[in-house]
Structures are given as structure tokens and as C-alpha cells.
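Asks: Sharing a model that was predicted from the sequence below.
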Amino acid sequence: MHRLCFLLLFQCVFIGKLPGQNQFNQQHEKFIRLHRSADADTLLAILQIEEKLIRQKKLIPLKQYEAKLALDRGIYFYMLFEYSKCIAPFERAEKLNGLTSDRDKILLYSYLGVSYQQVSNNFKKAHLFLDKAIDLAEKKKNYDLLASAIMKKTFIYYSQGQFAQGIRFLESFNQKKKKYLAIERRSNIHGMLAQGYHKLGNHSKSYTHFTSAIELAEKTNNVQLIADQYSGFMNYFIGKDRYREGKEWALRTISLVKDKPELEGRLNDSYAALGQIYSSLNKQDSALYYVNLSHEYALKTGDKEKLCFSYSALGNVYYDKKEYAKALVFLLKSLEYEEQMYGIKDLGVSYNNIGAAYLDMKNYPQAIAYFNKSREQAYLEGSIDALYLSYDNLSEAHRRSGNFEQVIALKDSAFLYYDSLNNIEYNRELLHLEVRYETKLKEQENKLLKLEVKRQNDLREKEQKARRFTILLGLVLVLLLSGVVYILFIKNKLRKSKVAEADAKIQNQKLEEELLVQRLNLLTEEINKKNKLIQLLESGENSALEENLINKVTLENDWLAFMSEFDKIHGGYLSELKRQFPTLTTPNLRLAALVKLEFSNKEIANIMCITENGVKKAKQRLKERIKMD
């Protein structure tokens, strides 16, 4: 009787729980499988089922299922871009320490890292969690999730403005692991590299990676991926003010996604891009048409971010049409959504646009108020560009209102920030040049390394040939010596019976031995000659010094090293020139060195950062100085 009761209790408590546990795990697996492609309603429905199962069933161990629920809840908010809401469930999932799947842990670390960056710009924590995800994915050889984490870390580098570091990080991974990646991942990596190179100003590499991304995407049946790459190429051309190509790719995207409701977001982005293109071309009616199409989609979806952008775009178009009252209505509406999404972040441009509308409506107090808000926002963001613009706009508003004393003070501040802005631009250009130089130097090092590997392989092959020849020669010598021994043996045997014949044979044998020795000497001499010829061929002059010298000329700081090494290679050419013609200046000597290296005028112009006409004039002045002396 007791055993029967115990069995019934066991079935109720444990066996009865198994269906609930299996159902929960099935829902969790479904959520993870669909979270990148399913709509928000589908994901929310799965979450509600998971929550219901936890409430109704006493799942064991409970923290394991609560951790999975917290992970799914965090991913749900992450996919809605509501990063501030997803940190708490992600942190709870980590704290419960109940995730048993390595895949779940990798997803948790990856998404949590990005969330910290998006909410608080906590780059330290972002890199910490992404490094955890990368280490675990690499250890478990989950290359798909590894690529995802690598791309997220690259995105963090981009967010910090460290584009060169992000590119190097992603390029290194792509070179080592691309053979393990699906074609979709490889396409996304090329797209991300294209964006990074575009930010660095390396448009040729950016273009190359964009075309590679599109070629790979078009080999798949993934219309979403193809549309994403088309859209990226479209924005690339718009960013370079190449509106004809930008329009072409926007229309391609529209034709690809027009009849696909699940890709309406890309359709909306293309309409918004066409609005921007036509607005830049000062075709405001066409711009208004496409911006309205984009706005209709935003109203239909209720997406706050898209509504914010579409209201702002409508305001800017009406402002360009000089319909300032309408522009102000849309700009203020955009500001409402922007304040809801970002709080006190990234509001400077909106304040400035609203101030400009009030200024053109001659409402100077309101214009000054919004320009002041724009200035305060610029201080918070630390944007010198925005500070210069806000001070300049404030001075214009005070000038129109007749407050000329205030104008002078504001203009002084505007000029101060303008100078700072120029210095920043100059430093940014120097940074871009440095990155390009490092990239070129790395490429040259790789080229030299390949040449060295080829030389070593050639040398190894020659050594193997010489070894085979030596072995063959040894075999010939052994055969010759064996023949000699055999002949001597025969002669010695015949000597007892035929003395006269033996003497004659001995003489003949001696003669043959002499001939063999002579032949052996000739063979040995020939081998020595061949070995000396091989050594001569291997000791050819190395031109790497001069190639390395040429590569160093690209930066101003390398001129001194360049001229010093030039003198070493060319026997003190510049020192002798300076001794003979003391009036020659440093630029004269640099030009003389480049002429000595037989650079064209165009190449000299690129190196010395002057025009080709400037090169010709500099050469003429150099000749005149030499003639005068």
C-alpha cells in the first residue's frame, strides 16, 4: 500500500512535470531560432507561453528556466532596439547562472555588450562581454556566433571612432576564418568593412568591399540580405554626393522589395533616401513626394524612430520650400519623438533647425532660445562643429534683432571654435594619412614576406637537386671503383698462365686508369664550375633597400631618414651637391633626390604635395640656383 502511494506521488510530482519542461524548452528553442527573422508579435507570443509555463508548472531546477526566460525577454527588447529595457533581464540571466547551453551564453554576452554601449556608452563593459562571447564561441568552434560577436565588437570600435582598429580586427578574423563561414556572413563582413573604409576616406577599398558584399548576397536567395547590401551601397553614394548612382541603387532596392510586405522597412528607407537625394538636388516637390511615402509607412507601423526621422525630413523639405510655418510644425513634432527616445542626447541638430525656422519667421526671441538650447547641447556632446554653428546662428539672430554688442561677442566665440574646427580637421586628415601609410606599409611587408618565402622555396629546391646529383655521382664512382677492382682481379688471375699477355693487359689497364682519372677530374671540375655558377646566381643584389626607401617618402616626418639613406645608397650625392652649391635649400635637395630617382612630375607632385606646374617651376629654380653658383 505504501509503495503504491509512493509510486502515484512520484508520477504526479516528477513525471507530470516532464511535459511542461519539454514544452518550455521547445518554446525557448523556437524563440532563439526565430528571433532574428520573426516579427515582434510572434516573439511576444512565445514569451507569454514561457511565462505561463513558469507560473503554472514547478519546473526543476527553476533558476535554469527563469534564466532562459530572462534571456529571451532581453533579446525581445534588443530586437525592438529598446536597449534600456533589455539590460535588466540580461543581467538577471547572468546572475541566475542557469544557462546550460553554450549557444545561450554566447548570445547573452554578445547582446549584453552591445546594450551597455547603446545605453550608457560604457565601452569598457561592452568590450568585456563581447570578449567573453568571442572566447567561448572560438573555444566551441561555433563560427556563426563567433562571426556575429566579432562584427558586434567591430561595431563598438566604430562607435568609439576607432575605425582603423575595427577594420584591422575584422580583416584579421575574415582572413583566418572565412572558409568556415556561410556566404551570408561573408557578405555582411564585406558590408561592414566597406562602411569602415568609407569612414576613413579610403573610397576605393570601400567600393571594392561593397561590390564584394553585393556579389556574395546575390548568390543567395536571401532577399533581406540583398536589400541590406543594396541599401548600404545607396548610402555610400549619397554620402559622396553622387546622387545619380545613389538614386539608381535606391530604385533597385525598391524594385526588389516592393511586393514583399515583410521588407517594408527597406522600402521605407529607400523612399526616405530618394527624398534626401531630391532635396539635395533642390527638387523639393519630388523630395516631398518621397518623404510623404516614407512618413505614411512610419505612421502605419507606429515606429517612433522612423516617425522622428520622417517628421524631421518633412520639416526640412518645407523649410527649403520657404514654408516656414509648416516646417516648424513638423520639426517640433520630430523633437517630441526625439526627446522620448534619446532624452538629452543628440538633440543639437533638431534645436538648431527649429531655431532656423523661427529666425526666418522673424520670431527672434524664440530663435535665440532654441539656438541657446543647441549651444547647451553642443557643450554636453562636446561637439566643436555644433558649437561653432550655434554661436554663428546666435550672432545672426542677435544681428537681425538689432543687438549688435552681443553680435560681436558671439562672433568672437564663433571664430574661436572655427579655428578649433580647422585644427581638428587637419589632425583628422593627418590620422587618415597615417592609417593609409600603415596599410600600405603592411601590404609591402606582406609582399616582401611572400618574396622571401618564394626565395626560400627556390633555394630548398636547388639544394635538393644538388643532393640528388651528389648521390648519383657517388653511385657512378662506386660502380667505377667496382669495375677497377674486378679488372685487377681478372688480370691477377691471368698473369700466372700468360705472362706476356698479362703485361700487355697491365699496360692497357694503366692507360684505361689514366683515362678514367682524367675523366673523373673533368667531371669534378665541371661540377665545381656549376656550383660556383649557382653561388653567383644566388648572390644577386637585393633591391629591397631602395624599395623600402621609396615607401618611406610618403610622410613628412620621414624626409630626414629618406635623405640620409639616399646618400648611403648613392654615394653621398646630396652631400656633394650641397657642398658644391651651398645656396641650395632643403626643398631643392629633396627635389634633386626625386629627380635622381627618375620620378615623373606627377609622382613628384603627389609626394611633395604640390601641383605639377609647381614641380616644373621648382625644377627651373633648382637649375637657376646651380647656374648662379
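Replies: Now that the structure is in, tell me what you want to look at.
Asks: now for the strand or helix carrying Ser206, which elements pack on it?
Replies: Using DSSP states H and E, Ser206 maps to helix 203-218. Judged by 3 or more C-beta pairs under 8 Å, 6 or more residues apart in numbering; DSSP states H and E, the packing partners of helix 203-218 are helix 183-200, helix 223-239. For the C-beta atoms, the positions are set from N, CA and C on the backbone; glycine is no exception.
Asks: As CSV, the ones you listed with distance to Asp41 and mean pLDDT would be great.
Replies: Conversion of the helices and strands packed on helix 203-218 to CSV gives the following (distance: least, C-beta to C-beta, whole Å; pLDDT from 0 to 100):
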stretch, distance to Asp41, mean pLDDT
helix 183-200, 25, 91
helix 223-239, 18, 88
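Asks: Spell out, range by range, the helices that occur in the stretch 451-600 of the chain.
Replies: 499-538, 544-551, 559-569, 573-580, 586-596 (DSSP state H, counting those that start in this stretch).
Asks: Please work out the average pLDDT along the third one.
Replies: Which is helix 559-569. Helix 559-569 shows a mean pLDDT of 72.
Asks: buried set for it?
Replies: Trp559, Phe562, Met563, Glu565, Phe566, Asp567 (16 or more other C-beta atoms under 10 Å).
Asks: Just want the angle from that helix to helix 573-580.
Replies: Interaxial angle of helix 559-569 relative to helix 573-580 (axes from the mean of the first three to the mean of the last three C-alpha atoms, to 10 degrees): 90 degrees.
Asks: mind checking the SS state of the residue positioned nearest the centre of the chain?
Replies: Geometric centre of the chain, nearest residue: Ile167, 2.8 Å, by C-alpha atoms, centre = their mean. Three-state call for Ile167 (DSSP: H, G, I helix; E, B strand; the rest coil): helix.
Asks: that older thread, comparing the helices of the stretch 451-600 of the chain by mean pLDDT, which bottoms out?
Replies: helix 544-551 (a mean of 47).
Asks: In this protein, what helix or strand scores lowest on average pLDDT?
Replies: Ranked by mean pLDDT, DSSP states H and E, the weakest helix or strand in the chain is helix 2-13, scoring a mean of 41.
Asks: Counting by contacts, list what whatever helix or strand comes next after that one packs against.
Replies: Counting by DSSP H and E, the element after helix 2-13 in chain order, helix or strand, is helix 18-34. If you count contacts as 3+ C-beta pairs under 8 Å, 6+ apart, helix 18-34 packs onto helix 40-56, helix 62-79, helix 102-120.
Asks: Show me what secondary structure element comes after the second one.
Replies: It refers to helix 62-79. Criterion used, DSSP H and E; the element after helix 62-79 is helix 83-96.
Asks: and the nearest residue to Gln117 once chain neighbours are set aside, how many neighbours does it have?
Replies: Spatial nearest neighbour of Gln117, chain neighbours left out: Ala126 (4.0 Å); criterion: C-beta to C-beta, 6 or more residues apart in numbering. Using other C-beta atoms under 10 Å, Ala126 has 24 neighbouring residues.
Asks: Format the helices and strands packed on helix 203-218 as CSV; extra columns: mean neighbour count and distance to Asp259.
Replies: Below are the helices and strands packed on helix 203-218 laid out as CSV (neighbours: other C-beta atoms under 10 Å; distance: least, C-beta to C-beta, whole Å):
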stretch, mean neighbour count, distance to Asp259
helix 183-200, 22, 22
helix 223-239, 21, 11
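Asks: so which of those helices comes closest to Trp249?
Replies: Trp249 sits nearest to helix 223-239 of all these, at 3.9 Å, using C-beta to C-beta.
Asks: Check which helices and strands that closest one sits against.
Replies: Packing partners of helix 223-239 (3+ C-beta pairs under 8 Å, 6+ apart): helix 183-200, helix 203-218, helix 243-257, helix 264-280.
Asks: Please report how far Ala327 lies from Tyr297.
Replies: Separation of Ala327 from Tyr297 (C-beta to C-beta, to the nearest Å): 21 Å.
Asks: between the two, who's got more neighbours?
Replies: More crowded of Ala327 and Tyr297, by other C-beta under 10 Å: Ala327, with 24 against 20.
Asks: So the more buried one, which state does it fall into?
Replies: Look at Ala327: counting by three-state DSSP, its state is helix.
Asks: again with the one 5 residues further on
Replies: Three-state secondary structure (criterion: three-state DSSP) places Leu332 in helix.
Asks: just checking, it touches Ile354?
Replies: Yes - the pair Leu332 / Ile354 is scored as a contact, 6.5 Å apart, by C-beta atoms under 8 Å.
Asks: quick one, which of the two is more surrounded?
Replies: Neighbour totals were compared for Leu332 and Ile354, and Ile354 leads with 25 against 14 (other C-beta under 10 Å).
Asks: quick one: the helix or strand in which that one is found to chain centroid distance?
Replies: Ile354 is part of helix 348-360 when elements are defined by DSSP H and E. Computed by C-alpha atoms, centre = their mean, to the nearest Å, the chain-centroid distance of helix 348-360 equals 36 Å.
Asks: next SSE after that helix?
Replies: The helix or strand immediately downstream of helix 348-360 is helix 364-381, counting by DSSP H and E.
Asks: residues of that following helix that come out buried?
Replies: 364, 366-375, 377-378, 381.
Asks: what does stretch 252-265 give?
Replies: Across stretch 252-265, burial judged by 16+ other C-beta under 10 Å covers Arg252, Thr253, Ile254, Leu256, Val257, Leu263, Gly265.
Asks: quick one: contacts for the second one?
Replies: Listed by C-beta atoms under 8 Å, 6 or more residues apart in numbering, the contact set of Thr253 reads Ala227, Tyr230, Ser231, Met234, Arg266, Leu267, Asp269, Ser270.
Asks: Tell me the one of those nearest Leu347?
Replies: Leu347 lies nearest to Asp269 out of those, by C-beta to C-beta, at 22.7 Å.
Asks: Burial check on Lys179, number of neighbours?
Replies: Lys179: 8 surrounding residues under other C-beta under 10 Å.
Asks: pLDDT weak spots in this structure?
Replies: 1-20, 57-59, 341-346, 381-386, 404-405, 407-443, 496-506, 508-559, 561, 628-629 (pLDDT under 70).
Asks: quick one: which of the helices and strands packed on helix 223-239 is nearest Lys322?
Replies: Among these, helix 264-280 sits nearest to Lys322 (C-beta to C-beta), with 13.5 Å.
Asks: other SSEs contacting that closest one?
Replies: Helices and strands touching helix 264-280, by 3+ C-beta pairs under 8 Å, 6+ apart, are helix 223-239, helix 243-257, helix 284-301, helix 304-320.
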